Structures are given as structure tokens and as C-alpha cells.
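A.B. asks: What would the 3D arrangement of this be:
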Amino acid sequence: DVYKRQGNKQNKQKTAPEKKDVVLIFNKIPENWKLNFEGRYVSHGKYEVSYTKSGFNNYFWLPDNKHNIDTLVIKDVMGSIELIHKYRGLDKFNYLFNAGDTIAFTYDGLLPIAEVINRKTKKYDGNYEVLKRKQITNNDFPAFIKCHSMRNFFVVGKDRYIFDKKLDSIFKKEQKAKAKKELQQEHNLLDSLFTNKLISKSNYDFYTNRIYYHTKVLNADKNISNVVKQKNDTMLKYSFYRAYLNFIVKNTFEKNVKMLQSSNGSSPDYRIVFDSISNSSLFGAHEKKYLLFTYMENIINTFPNSDINKYFALYKKEKDSLRINYLAKTYNLTGSISNEIQLLDKAKHKIALKDILHKNKGKVIYIDFWASWCAPCRATMSASKKLKSFYKNKDVVFVYLALNDRFNAWQEAAKKEGLENFKNNYFIANSKSSKLIEDLEINAIPRYLLYNKKGELVHKNAPRPNSKELKKILNKYLLKKN
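C.D. replies: Residues are numbered from 1 along each chain as shown. Next up, the predicted model:
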């Protein structure tokens, strides 16, 4: 087994590494990428950058292509950090940088080229991903991606929106075999680079470990029981290892759990999955803490306050103070109940929903409850923009409220949806402790409320922005006098 020699041995350090910033400089960022899939549909996207700190908190950042240069400073990095640069949507480049590094990104057409400018590096430390796609995948998507996101790719003679179990099975089998071959070729390439001193030991280990866990996923059978138990958080800071753990959970605990239906589709009963992880001996202590955190967050975003309070009390028994404090702060899980909806603007200035209603008395108010993670919510944003334009000089006020979201994720999503500088765009600070949200039965999003000119709630479940019925309703209340 060519992968066994990787292992997961960690060198013990007598002193903790010093915390230093990582600086990313983006030069002449392309406006977007555009892909034409076999002439059938076009996909557009942005050059999003993401990274993880403390092994659980994902940060997303979008370079501004309106300027020649944009800079991101990642504060207080300890040791090394994985950076993920979105390229062609599902295809993402993974980099390993050191604390204190300054990296300049330039673009060859749409292809990101990275260069560490503060220290001498090996030739392919920053651009191994570019070499891999040139030599192994012929600039196509890696087969590992196609295998696990097959609905985004075509099988010959088949429309991507039509489910065909037989054709999908053939496609997946073909891509799985191709992925195994590509991973072996990639390992040979890395061995050659390392032997010829063209890649550093740390980057060699990083990419070969990724091959190792991708191969474990491809070789996984129905009874997965060979999880590598981590005694520390070293591997958890890497996206491929967290993805591997999530794969294990989905294919052991989730697959037999009852699916729950909501307006946003279906999802497993995360409460049962949480209990299964908690009672399992399959994972190491740090792996279990990470997975419980993941499913605690799923519970927060899916279930009512009673379930959230119950499971948060169970989660606190893990004594994982960093993550407990993060959840409590992010979702305002203080235990205190408010009769109001408390809001924050992008500068974190506080305002209550009742104050917005009072300020706009004499106008019709249409409130849109949405979130960065809610695909149906964001799918209506284009129609909402047209609606705002249609009622621009009329007494209709549009208000956007982010429910059960993360502040940073909301800010990035608002930027992408053109809401960043919109006056009435707010983050709900007490999504999980507002009695008013519970009284309004806002259990799923997207959800829309309509208030008349007197500030009275006249439609508890108003039509969506792309509904023809909505204009009739808005016009009706516009014509009514106070």
C-alpha cells in the first residue's frame, strides 16, 4: 500500500509555534469564471477564498475585482493554514501556507497562480494544483469531483435534470475507477517532485495525506469501521479530513435515519445523528467533538428552541469551551427570551424590528426572511431586485432579515446578492431567543411578511417576490389610506 508510509505521526514540539499573520494579495482578479457544459448550460461564479481556524470555523472572503489589487490579512495563524481558492465552482485549489507568509495571486486567464514572496520556496509549493491539472486531468475536473458531484456533469445523451438510476450508476462507476487511477498517478507525481526537490516535505505530506483520505472514501464499503482516530487536532484543520469524517457519518448514521420534510426540502433528523455520534466508539475524542459541533449547528438551523436548548445542554457536557462559546455567541444561545426581534446592520449597530416598523409608518412594508445557506431564498433575489426597482418611487419598503445565519457568512452573501449597501438589510441577532419569531411560526425560510401603512401585520405568509400575486397584493395596500 503506497499510502501507508504517510501515517499520521506528529512531531512533538517543546514550545508552541508563534502566531503570525498570513497576507494574501490578489492582483487583477477576473470578474468571474464562466463554463459552458457541452453546450447545454452555462455556469457562472466568483473567485471565493475560504480558510478554517481552530478546526471548525469556516471563513469565506471574496476578492474585489473592481480594483487592480485586493488584500486579505488572516490574523494570528499558528504553524500552517490551508487555503482554498475557488476555481471553476466545484473545482477548488488547496494550498498549504505557513504563518507569516505573504502570498501574491495572479491569474493566467482564469487560472490562479500563487507565489510566496517573503521566503524562498520549492518550485511547486504554491502551484502544485496547476501542475496536477495539466499533467493528470488534462485541465478537466478531477474524476474524484465528478464521482461525488455527478448531478453537475453530463452522461452522454442525458439531460442533467432527469434522474436515471442506471445511467447515473454507470457514470459513477466509470468516474470512481478513473479517480482511483488519477490518485495513483498523482502520488507518483508527488514522489517524483519530492525526490527531485521540487516540493517541500510539508506540502508533500499535505497532498499525499489528501490522496490517502480520498482513496479511503473511494474504497469505502457499506460497513465503514476503519476511521483513523486522532489524538490531536492536527488533521482536523484540513478540509479533506473533515470531509472524510462527514462521509463516514453520512454512510453510517445518517443513511438509516428518518428524513424530515420542510419548505426547503428534506434532511435527516439531526437529533438522532447527534445521539448516535455521542454514543459511538468509532471516533477519537477530538473527532467526536468536531462532529458533535457540526450536528449541533445543524440542529440549531433546523429545529425549534425547545430542541435547541435540550441538545445545547447535552453538547455543553463535552466541555469544548471554544466551540461552546462560538455557538453561544453566534446564535445568541443565552437562554434569555426576548419579545422582540433584535437586529444588527453591517457595522453591528443595533436596532429592533419594531423601530423599523415605526420609522416606516405610512408605507407598505415587505419583509424577506432569508439566510446565506438557503438556496431557495437566494434563488428569489433576482426577482426581488426587479420588484424593488418597479416600486422604487412608491411607498413600498423592502426589508431583508437574515435568520439563523452567521454574521460573516451573511455579509459575504449580502455582497454577492447586491444587498451590502442596501439600507434595510439586517442580521437577526436573536434568531434562537426571540418569542416573536416563534409566535410568527417562522420555522422555515424563505418566508415573507407584509405590513400595511398603519404598521399592522396583514399577511403572515406573503407570496414570494417572483409570484405574480404579490404585485396585486402590494398595489391593493398601496391604494388604501392610513
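
A.B. asks: by contact count, what packs against the lengthiest helix in the chain?
C.D. replies: Residue-count comparison of every helix in the chain, with assignments taken from DSSP state H, identifies helix 165-195 as the longest. Helix 165-195 makes packing contacts with helix 128-135, helix 143-148, helix 201-219 when contacts are defined by 3 or more CB pairs under 8 Å, 6 or more residues apart in numbering; DSSP states H and E. Where you see a C-beta, it was placed from the backbone N, CA and C, and this is true even at glycine.

A.B. asks: pLDDT below threshold where in this structure?
C.D. replies: Applying pLDDT under 70 to the chain flags the ranges 1-17, 32-46, 54-56, 151-165, 167, 221-228, 231-232, 261-265, 334-338, 481-482.

A.B. asks: and the gap between residue 249 and residue 450?
C.D. replies: Here residue 249 is placed at a distance of 41 Å from residue 450 (CB to CB, to the nearest Å).

A.B. asks: what's the answer for residue 353, then?
C.D. replies: With the distance defined as CB to CB, residue 353 ends up 14 Å from residue 450.

A.B. asks: Let me see the ranges of the helices in the stretch 351-482 of the chain.
C.D. replies: Assignment of helices within the stretch 351-482 of the chain using DSSP state H, counting those that start in this stretch yields the ranges 353-359, 375-379, 381-390, 407-416, 435-439, 468-479.

A.B. asks: Turn the ones you listed into CSV, columns for distance to residue 168 and mean neighbour count.
C.D. replies: Conversion of these to CSV gives the following (distance: least, CB to CB, whole Å; neighbours: other CB atoms under 10 Å):
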stretch, distance to residue 168, mean neighbour count
helix 353-359, 46, 16
helix 375-379, 21, 15
helix 381-390, 30, 16
helix 407-416, 31, 19
helix 435-439, 40, 16
helix 468-479, 36, 14
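
A.B. asks: With respect to residue 147, which of the ones you listed lies nearest?
C.D. replies: helix 375-379 (22.4 Å; CB to CB).

A.B. asks: Please state the offset of the closest one from the chain centre?
C.D. replies: 14 Å (CA atoms, centre = their mean, to the nearest Å).

A.B. asks: Need the contact partners of that helix.
C.D. replies: Taking contacts as CB atoms under 8 Å, 6 or more residues apart in numbering, the residues outside helix 375-379 that touch it are 263, 264, 368, 369, 370, 371, 372, 413, 417, 445, 446.

A.B. asks: Just the buried subset of those, please.
C.D. replies: 264, 368, 369, 370, 371, 372, 413, 417, 445, 446 (16 or more other CB atoms under 10 Å).

A.B. asks: Pull the most distant pair out of those.
C.D. replies: Of all pairs drawn from these, the one with the longest distance (CB to CB) is 264 and 417, at 17.3 Å.

A.B. asks: Give the pairing partners of the host helix or strand of residue 51; include direction for each.
C.D. replies: For residue 51, the host element (DSSP states H and E) is strand 49-53. Each strand paired with strand 49-53, and its direction, by DSSP bridges: strand 57-61 (antiparallel), strand 80-86 (antiparallel).

A.B. asks: among those, which is the most enclosed?
C.D. replies: Among these, judged by mean count of other CB atoms under 10 Å, the one packed with the most neighbours on average is strand 80-86 (a mean of 19).

A.B. asks: Report the backbone C-alpha coordinates of that one in PDB.
C.D. replies: These are the backbone C-alpha positions of strand 80-86, laid out as PDB (Å, rounded to 0.1, in the frame of the first residue of the first chain):
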ATOM      1  CA  SER A  80       0.400  26.400   9.000                       C
ATOM      2  CA  ILE A  81      -3.000  27.100   7.400                       C
ATOM      3  CA  GLU A  82      -4.900  25.500   4.500                       C
ATOM      4  CA  LEU A  83      -6.300  28.000   2.000                       C
ATOM      5  CA  ILE A  84      -9.000  27.000  -0.500                       C
ATOM      6  CA  HIS A  85      -9.300  29.100  -3.700                       C
ATOM      7  CA  LYS A  86     -12.500  28.600  -5.700                       C
END
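
A.B. asks: got the angle for it vs helix 128-135?
C.D. replies: Put simply, strand 80-86 runs at 50 degrees to helix 128-135, going by axes from the mean of the first three to the mean of the last three CA atoms, to 10 degrees.

A.B. asks: Give me the contacts around strand 80-86.
C.D. replies: Applying CB under 8 Å, 6+ apart, the set of residues contacting strand 80-86 from outside is 22, 24, 45-53, 74, 92-99, 103, 105, 112, 114, 202, 206, 237-239.

A.B. asks: Distance to residue 175 added to the contacts of helix 375-379, as a markdown table?
C.D. replies: Written out in a markdown table, the entries for the contacts of helix 375-379 read as follows (distance: CB to CB, whole Å):
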| residue | distance to residue 175 |
| --- | --- |
| 263 | 33 |
| 264 | 29 |
| 368 | 39 |
| 369 | 39 |
| 370 | 34 |
| 371 | 32 |
| 372 | 30 |
| 413 | 31 |
| 417 | 33 |
| 445 | 34 |
| 446 | 34 |
